[in-house]
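Participant: got a predicted structure here, sequence first:
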Amino acid sequence: MRILNVVGARPNFMKMAPLVHALNARGIPQLLLHTGQHYDDNMSKVFFEDLRMPKPDIYMGVGSGSHAEQTAKVMVGFEQVCLKEKPDLVVVVGDVNSTLACSIVASKLWIPVAHVEAGLRSFDWKMPEEINRLVTDRLSEILLTPSPDADENLRKEGTPEDRIHRVGNIMIDSLVASLERAKGSSVLDRFGLAPKGFGVLTLHRPSNVDDEKTLLGIMDVIHEISEQLPIVFSCHPRTAQRLKAIPAYERLAKKGDVRVLEPLGYLDFLRLYSQSRIALTDSGGLQEETTFLQIPCVTIRENTERPVTLTEGSNVLAGCDPARIRKAARAALDGPPPGAKRVPDLWDGHTAPRIVDVFETWWRKRSS
Ligand code: UD1
Ligand code: UDP
């Protein structure tokens, strides 16, 4: 069995690294391909170092573009790679454009696709990731899910039962493997932060940051919250560009204590949010990571494809309206800590070896 693993954007790296390590441990031949959807050192290279992942065997360098441009560029390049390498299985993770593009290409070449983090649904078709998830899951032969809601979504869509494998949450493998090492990060000292004396903010969803009025409304309430608790803002390049283009933000930025930082590496960021009092975010991954560490999380979105973080974890859905964000943040800061809620089943740091078990069983059946 020869496997071709695909990564492209920041949230892919922490989902792929544990699998690369687990495949290596079993001696299964693999290639790692990076599409180059994210390319800045602090959105890409640093994660290979922090997660101790080998350099990609193939780097496509597609870069940024519209959805059609980016998806098409990945497809054209990936087709050539598949024809040359002839893998037995293509593995994609998450829900970014690279995930979608590579699953379409592999399927049309009759190369089976395995999707890690299958079955998540926000039911919001205006979200580009929802289209990516739906198409990738429909095309994948092996669907590796993190939670029972994901299994149920796939069943309702008519997915054959033998394709669905609940293996748990692979991001948590990276978190568990890195927590000790992250203690060596100097991030708190570098920014003069005391444990539990600050909140963390990330924002990058187009629905929150691409419209000036929406972004200003969110930032206004964030600055207000920062009068009570300093907020450290890991600012995604998409958001940095938008904020720079809004003259009114300069005045707003003087209110409270919001520290705007460049994106951080995996270990620095893990150290940062693990020591924070609250996370305010529209990130998919951070909702899960804060649930695992039982850190209060206020999600600045109208929906989530990760409902277990609400029912079992420390996450609350605030929406994008400033008044609701203010209320949710106040409740999280003034109320009791999220406390006794539990970590979802199989979010235990051992998802990657379970995925390799599934691959080995699938391969035995296929070659018998
Ligand atoms: C992408 C994913 C999103 C994921 C997010 C994680 C899609 C459709 N979107 O969104 O699901 O949650 O990554 O971070 O796949 N840019 C840089 N440097 C980089 C990368 C991007 O400056 O290394 C800038 C470019 O101006 C680019 C913009 O950020 O146009 C957006 O990048 P893009 O990959 O298109 O989408 P993201 O918003 O990053
Ligand atoms: N992350 C990071 N540095 C940062 C911001 C986020 O390492 O400055 C990590 C975060 O801990 C999580 C992943 O990036 O593991 C989430 O990626 P992102 O929010 O970009 O995408 P999403 O999860 O929304 O698809």
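Facilitator: Noted; the coordinates are in hand. Ligands and ions are numbered 1, 2, ... in the order given.
Participant: ok, how many other residues are close to the closest residue to Y266 other than its chain neighbours?
Facilitator: With sequence-adjacent residues excluded and distances taken as Cβ to Cβ, 6 or more residues apart in numbering, Y266 is closest to D50, at 3.9 Å. No exception for glycine: its C-beta is placed from N, CA and C like everyone else's. Residues lying near D50 (other Cβ atoms under 10 Å) number 23.
Participant: and D50, how close does it get to L203?
Facilitator: 22 Å (Cβ to Cβ, to the nearest Å).
Participant: which SSE is A177 in?
Facilitator: Element membership for A177 (DSSP states H and E) is helix 170-182.
Participant: isn't the residue nearest to Y266 right up against A177?
Facilitator: No. Checked against Cβ atoms under 8 Å, the pair D50 and A177 is beyond contact range at 10.7 Å.
Participant: C-alpha coordinates for the helix holding A177, CSV please?
Facilitator: These are the backbone C-alpha positions of helix 170-182, laid out as CSV (Å, rounded to 0.1, in the frame of the first residue of the first chain):
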residue,chain,number,x,y,z
ILE,A,170,-6.7,13.7,15.1
MET,A,171,-6.1,17.4,16.0
ILE,A,172,-6.1,16.3,19.6
ASP,A,173,-3.2,13.8,18.8
SER,A,174,-1.1,16.8,17.9
LEU,A,175,-2.2,18.8,20.9
VAL,A,176,-1.5,15.9,23.4
ALA,A,177,1.9,15.2,21.7
SER,A,178,2.9,18.9,21.9
LEU,A,179,1.6,20.1,25.3
GLU,A,180,4.8,19.4,27.2
ARG,A,181,7.0,20.8,24.5
ALA,A,182,4.9,23.9,24.3
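Participant: from the chain's centre, how far out does that helix sit?
Facilitator: 14 Å (Cα atoms, centre = their mean, to the nearest Å).
Participant: what do you get for stretch 185-202?
Facilitator: That offset, for stretch 185-202, works out to 21 Å (Cα atoms, centre = their mean).
Participant: around L261, count how many other residues there are.
Facilitator: 17.
Participant: tell me which residues of the one helix or strand R242 maps to come out buried.
Facilitator: Secondary structure from DSSP H and E places R242 in helix 237-244. Neighbour-count burial for helix 237-244, counted by 16 or more other Cβ atoms under 10 Å, picks out 239-240, 242-243.
Participant: in the helix or strand that it is followed by, what counts as buried?
Facilitator: Going down the chain from helix 237-244, the next helix or strand is helix 248-252, by DSSP H and E. If you call a residue buried by 16+ other Cβ under 10 Å, then helix 248-252 has these buried ones: 249, 252.
Participant: which residues does the helix or strand that helix 248-252 is followed by contact?
Facilitator: The helix or strand immediately downstream of helix 248-252 is strand 258-261, counting by DSSP H and E. Defining contact as Cβ atoms under 8 Å, 6 or more residues apart in numbering, one finds that strand 258-261 is touched by 191, 201, 219, 222-223, 226, 230-235, 240, 243, 253.
Participant: pull the CA atoms of strand 258-261 into CSV?
Facilitator: In CSV, the C-alpha atoms belonging to strand 258-261 read as follows (Å, rounded to 0.1, in the frame of the first residue of the first chain):
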residue,chain,number,x,y,z
VAL,A,258,-5.9,44.5,22.1
ARG,A,259,-2.4,43.3,21.0
VAL,A,260,-2.4,42.5,17.3
LEU,A,261,0.2,39.8,16.5
